[in-house]
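K.L.:
Quick one, what's the 3D model for this:
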Amino acid sequence: MEDYEDLIIVQLSDAQMALAIELMEMVFSLEQNIPSSYLPVKFLPQKSWGAFHKQKLIALATAWWEGNIWHWGRYAVAPDWRGKGIGKKLAEQSIKELLDDGVNEIHIDARDITVSLLSKLGAKIIGETFDFYGNVTPMRLTNQDFVNR
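P.N.:
Below is the predicted model of the structure:
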């Protein structure tokens with residue numbers, strides 16, 4: 001992997017959420033035809049993390065509380081930055097921080113491309129793949145599975 005000394009991963013502030021929505025629209029609306037009205041998470045509480053390179057948001061992950069469980073998703077990497085390990089670093093750090101905050105279990109509806117990565121982080125498939133603007137597989141990641149991976 002190229003040296004990305006200018007790469008930082010941080011929890012996003014409210015002021016940075018416009019950047020997050022812009023990245024979601026590029027990845028989810030333009031590439032996957034997901035309606036933009038679906039993109040911003042409408043559940044609270046929520047936390048979002050971003051990977052920045054030279055102050056440009058290049059990757060995003062969001063966690064939110066819905067239905068008495070934490071969910072993790074809205075996981076996106078800008079097209080020019082894919083395949084460089086940045087998404088993996090973001091996924092691992094955002095999930096670790098969420099679990100470090102006392103969350104014991106996370107539900108994830110993972111796209112095909114993300115299932116393998118999340119499995120390596122300890123997530124387990126918990127249901128049948130279904131169609132939501134492409135294949136999505138329900139997964140669960142517990143704190144214990146993350147630690148024991």
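
K.L.:
Please enumerate the helices of this protein.
P.N.:
Assignment of helices within the chain using DSSP state H yields the ranges 17-24, 32, 86-100, 112-120, 143-148.

K.L.:
To residue 48, which of these lies closest?
P.N.:
Evaluated with C-beta to C-beta, the helices of the chain place helix 17-24 nearest to residue 48, the distance being 5.7 Å. The C-beta positions use only the backbone N, C-alpha and C, and glycine is treated the same way.

K.L.:
C-terminal to the closest one, what's the next element?
P.N.:
helix 32 (DSSP states H and E).

K.L.:
Off-centre distance for that following helix?
P.N.:
Distance of helix 32 from the chain centroid (C-alpha atoms, centre = their mean, to the nearest Å) equals 16 Å.

K.L.:
contacts for that helix?
P.N.:
With contact meaning C-beta atoms under 8 Å, 6 or more residues apart in numbering, helix 32 is reached by 133, 134.

K.L.:
please redo it, this time with the cut-off set to 10 Å
P.N.:
With contact meaning C-beta atoms under 10 Å, 6 or more residues apart in numbering, helix 32 is reached by 76, 111, 132, 133, 134.

K.L.:
where's residue 68 relative to residue 60, distance?
P.N.:
25 Å (C-beta to C-beta, to the nearest Å).

K.L.:
Over to residue 54?
P.N.:
Relative to residue 60, residue 54 is positioned 16 Å away (C-beta to C-beta).

K.L.:
With residue 45 instead?
P.N.:
Residue 45 sits 17 Å away from residue 60 when distances are taken as C-beta to C-beta.

K.L.:
again with residue 32
P.N.:
From residue 32 across to residue 60, the span is 14 Å (C-beta to C-beta).
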